[in-house]
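[1] turn this into a model:
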Amino acid sequence: MTAHSPIAPVSPAIFPDDARAIFAAAYPDRSTKLHHGLVGHGLLTLDALAVLAERMPATSVEYNLGKLPLGVRAEDTPSNGLTLGETIRTIDTNGSWAVLKNVERDPAYAALLDDALAQLEPVVAAKTGPMLHREAFIFLSSPGSVTPFHMDPEHNILLQIMGQKTMTVFPARDEELVPAQKSEEFHGGGHRNLLWQDGFKSRGTAVRLEPGDAIHVPVKAPHFVENGPTVSVSLSVTWRSDRSVAEGELHSFNALLRKRGLPTGTVSARPERQGVRRLVYRIMRKLGA
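    The predicted structure is shown next:
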């Protein structure tokens, strides 16, 4: 996968000192706006991304029509009728949305991810331990595209590279937004999209992102994204932590208990400290329960 990777120098200040200070004050529980230095990077142009996309496995790409309801079900998401390469090269006019998943499998993009996360790692390590399962995703959106209301299992920073979008972020751990059973299903492989209600909108914070802006999104903080009037390209750098892994294990444990008609337990704001329940879950899983 390396033969055709465009190589571009990486800025030594992807996240400048003031951005790292803002991130440190918010991580891991609060969303916050940051800024970055990757605008114009050679690996993040439309041409470079089309070439990357065409050599990626089908399981690592997802694309569809972009003008969707906030609460669309996964099975109702319409195709755009184009190949992925066509989608990216004509994304200014085809009304589509695309994501390239796990681009860190390409060495050039892996180096970019490592460089970005290295600048945040001291903050992360001090608060939630080592950065685990580092991944990178690239989102491309036509003008007016909508990414529906959903949540993600990782610690995430989205860097806006091209175009403008507005991300509306909601508090994590709000069971009116994400009921406990939805979390249990999600950690068992269920889809990321969430049930939308119009009354939710006032509970979110809308953040406008221009090239050079970024936003920290906490683990499983619900959000939706509305693209502006031009093509948008965004890079998402993500990682897991003992906290995010523990949260997933405890919801999966509750799913096992619920299935057997047994009382479920509370997943605390510090799930990594719920060691006994995590141990019981691991034993049950090992035994095939």
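
[2] CA atoms for contacts and neighbours, from now on please.
    Noted.

[3] spatially nearest residue to Ile157 (excluding sequence neighbours)?
    His216 (4.4 Å; CA to CA, 6 or more residues apart in numbering).

[4] ignore what I typed, I meant Ala125.
    Nearest residue to Ala125, sequence neighbours excluded (CA to CA, 6+ apart): Met131, at 6.9 Å.

[5] neighbours of the one you found, how many?
    Neighbours of Met131 under the rule other CA atoms under 10 Å: 19.

[6] check the one 5 residues further on too.
    Using other CA under 10 Å, Ala136 has 23 neighbouring residues.

[7] and it, what does it touch?
    Ala136 is in contact with 101-104, 113, 235-238, counting by CA atoms under 8 Å, 6 or more residues apart in numbering.

[8] and the residues you listed as a markdown table, adding secondary structure, pLDDT and distance to Leu140?
    Formatted as a markdown table, those follow (DSSP: H, G, I helix; E, B strand; the rest coil; pLDDT from 0 to 100; distance: CA to CA, whole Å):
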| residue | secondary structure | pLDDT | distance to Leu140 |
| --- | --- | --- | --- |
| Lys101 | coil | 93 | 12 |
| Asn102 | coil | 95 | 15 |
| Val103 | helix | 95 | 13 |
| Glu104 | helix | 96 | 17 |
| Leu113 | helix | 96 | 18 |
| Leu235 | strand | 97 | 9 |
| Ser236 | strand | 97 | 11 |
| Val237 | strand | 98 | 15 |
| Thr238 | strand | 97 | 17 |
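
[9] test my guess that Leu194 contacts Asp152.
    No - counting by CA atoms under 8 Å, Leu194 does not reach Asp152; the two are 10.7 Å apart.

[10] is Ile157 in a helix, a strand, or coil?
    For Ile157, the assignment made with DSSP: H, G, I helix; E, B strand; the rest coil gives strand.

[11] what's the burial count for Ser241?
    Count around Ser241 with other CA under 10 Å applied: 22.

[12] and the top helix by length along the chain, what does it pack against?
    What stands out as the longest helix in the chain, according to DSSP state H, is helix 242-259. Secondary-structure packing of helix 242-259 (3 or more CA pairs under 8 Å, 6 or more residues apart in numbering; DSSP states H and E): helix 180-187, helix 275-286.

[13] highest mean neighbour count out of those?
    With neighbours defined as mean count of other CA atoms under 10 Å, the helices and strands packed on helix 242-259 peak in mean count at helix 180-187, which reaches a mean of 19.

[14] rewinding a little: and the contacts of whatever helix or strand the residue nearest to Ile157 lives in?
    Assigned by DSSP states H and E, His216 belongs to strand 213-217. With CA under 8 Å, 6+ apart as the test, strand 213-217 has contacts from 23, 30-36, 155-160, 169.

[15] low-confidence ranges, the protein, go.
    1-12, 63-82, 94 (pLDDT under 70).

[16] so where do the helices sit in it?
    Along the chain, the stretches classed as helices by DSSP H are 17-26, 46-54, 84-89, 107-118, 121-128, 180-187, 242-259, 275-286.

[17] make a markdown table from the ones you listed and add distance to Ala221 to it.
    Listed next are the helices of the chain as a markdown table, based on distance: least, CA to CA, whole Å:
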| stretch | distance to Ala221 |
| --- | --- |
| helix 17-26 | 14 |
| helix 46-54 | 28 |
| helix 84-89 | 28 |
| helix 107-118 | 20 |
| helix 121-128 | 17 |
| helix 180-187 | 12 |
| helix 242-259 | 12 |
| helix 275-286 | 22 |
